[in-house]
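*Asks:* below: sequence and its predicted model.
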Amino acid sequence: MLPPVPQLVPVLQPRGSNQLGMRQFNERVVLQAIRLQGSCPKAELARLTGLTAQTVGLITARLEEDGLLKRHEPVRGRIGQPSVPLALAPDGAFSIGIKVGRRSMDCLLVDFVGHVRQRTVLEYDIPDENALLPAIAEKIQHMRQQLGPLQSRLVGVGVAAPFNMGGWHLLQGLPASTADYWNRLDVAAAVQSVTDLPVSHARDTLAACVAELVSGRGREIKSFLYLYVDTFVGGGLVLHSHLHRGMHGNAGAVASMALGEAQAGQPAPRQMLEHASLWDLEQRLRAAGLDPHAAYDERALQAPFNAITQVWLEQAANSLALCVVNGTAFLDVDAVVLDGAFSRPMLQALLAQTRSALQRYHWEGLWPVELVAGSVGSEAHALGGALLPLHANFAPDRDLFLK
């Protein structure tokens, strides 16, 4: 049995009564401003938030008292009193992010400024329902113990997992019984059963998109289609700096996109996941007697793996280019952000080939879109999961990551 959680530090403490909601909202607005802009003095915070200098002074004093803000050294050399920049305190709060994937389980401990303090990875060929949950419980408990007295500032666990973990089980080589188990499993409830910390949940590529929105390209690009190449390819959608979930939380789920027209009397067109997923590269490497796990690291572009990788890159780039063109026609976004669970040189190779494939399309009637590299990489799912509890406790609104 897990030990009881120490009493949580009352973050954004209620103060007063009639103005409770407004005070908490204003505190969150100040924290968000510092998170986005970096350290800044109170006068700058007043300008950024539209709050009065007196209000900002009261709010920052409370947040310092709560251990959520810290002071930097005064900036001297200007007329008047030296200004004192305020910054987020890294030890102000922590969260745990867990990616439950088809090939691995990643667990991150993230601090208040979004830095990864601890990481652990459990790799497998097939997610074992009898081993995975005990492993998650052990990882959570270990990270809590490593925090020591600071575990009182652990605000929750965020889980990123495919909505349909057992989907396409024939492609994965999963027994039907195992696929059925994963399709029926409520992952968030299962993780909640092994911890007394609050648990949040999001689709895996949606969580990766959150990480890119908050910690990566989302700081400069306001609307983008997000494509993430993992065991199965997936994506997300950001519109006007807000994550757009869609009616069923499935916006940007490009894995199921058809790669051709359906014809009467013919098999259904192949789907994008069959051409642009690392699962396909794994199978090609395995068939050649090579380690399939090389698809995820630097070996993919080295001999003897490289020859097989180049064939996969051309196929994946053609499929991704089709997705980009069709997505541009529907969405008219500022950019398409491409990232993946592979090495950075592999990402650059896939970007180059996809850009080349885009040149073969007619762009008449469309605004050509910029294709850019994502900045988070293989930890995107787990980092996005970890950001969910931090958002729930400290962001100024209920809509995900108001910018």
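*Replies:* Yep, that arrived. Everything numeric in this text was worked out from a predicted model, so none of it was measured.
*Asks:* list the contacts of the residue lying closest to L358 once chain neighbours are set aside.
*Replies:* If the residues on either side of it in the chain are set aside, L358 comes closest to A321, at 4.8 Å by Cβ to Cβ, 6 or more residues apart in numbering. Quick note: C-beta positions are derived from backbone N, CA and C, even for glycine. Each residue near A321 by Cβ atoms under 8 Å, 6 or more residues apart in numbering is listed here: T354, A357, L358, R360, Y361.
*Asks:* any low-confidence regions in the stretch 301-403 of the chain?
*Replies:* The model of the stretch 301-403 of the chain has pLDDT under 70 over residues 397-403.
*Asks:* for it, which segments count as strands?
*Replies:* Remark: strands assigned in the stretch 301-403 of the chain by DSSP state E, counting those that start in this stretch are 335-340, 370-373.
*Asks:* does V121 lie in a helix or a strand, and which?
*Replies:* Following DSSP states H and E, one finds V121 within strand 116-123.
*Asks:* list the buried residues of that strand.
*Replies:* Buried residues in strand 116-123, counting neighbours by 16 or more other Cβ atoms under 10 Å, are found at Q118, L122.
*Asks:* which outside residues touch the helix or strand following that strand?
*Replies:* Downstream of strand 116-123, the first helix or strand assigned by DSSP H and E is helix 129-147. Helix 129-147 is contacted from outside by 2, 5, 94, 96, 98, 100, 105, 107, 109, 118, 120, 122, 151, 153-154, 157, 178, 181-182, 185, 190-191, 193-195, 197, using Cβ under 8 Å, 6+ apart.
*Asks:* related to what we said a few turns ago, among the strands of the stretch 301-403 of the chain, which is the most enclosed?
*Replies:* Comparing the strands of the stretch 301-403 of the chain by mean neighbour count (mean count of other Cβ atoms under 10 Å), strand 335-340 comes out on top with a mean of 25.
*Asks:* low-confidence stretches in the stretch 1-150 of the chain?
*Replies:* Residue ranges of the stretch 1-150 of the chain with pLDDT under 70: 1-21, 75-82, 127.
*Asks:* now do the contacts for the nearest residue to G38 once chain neighbours are set aside.
*Replies:* Once flanking residues are discounted, G38 sits nearest to A87: 7.3 Å by Cβ to Cβ, 6+ apart. Contact partners of A87, counting by Cβ under 8 Å, 6+ apart, are I34, G38, S39, L69, K70, R71, H72.
*Asks:* do L206 as well
*Replies:* Contacts for L206 (Cβ under 8 Å, 6+ apart) come out as A160, G236, L243, R245, G249, G252, G384.
*Asks:* separation between the third one and V210?
*Replies:* Translated: L243. For L243, the distance to V210 equals 6 Å [Cβ to Cβ, to the nearest Å].
*Asks:* who has more neighbours, the two?
*Replies:* V210 (30 against 24; other Cβ atoms under 10 Å).
*Asks:* where does that one land in three-state SS?
*Replies:* helix (DSSP: H, G, I helix; E, B strand; the rest coil).
*Asks:* equivalent analysis for G235, please.
*Replies:* Here G235 is recorded as strand under three-state DSSP.
*Asks:* count of residues packed around the residue nearest to it when sequence neighbours are not counted?
*Replies:* Leaving aside its sequence neighbours, G235 sits nearest to G252 (Cβ to Cβ, 6+ apart; 3.8 Å). By the criterion of other Cβ under 10 Å, G252 has 24 neighbours.
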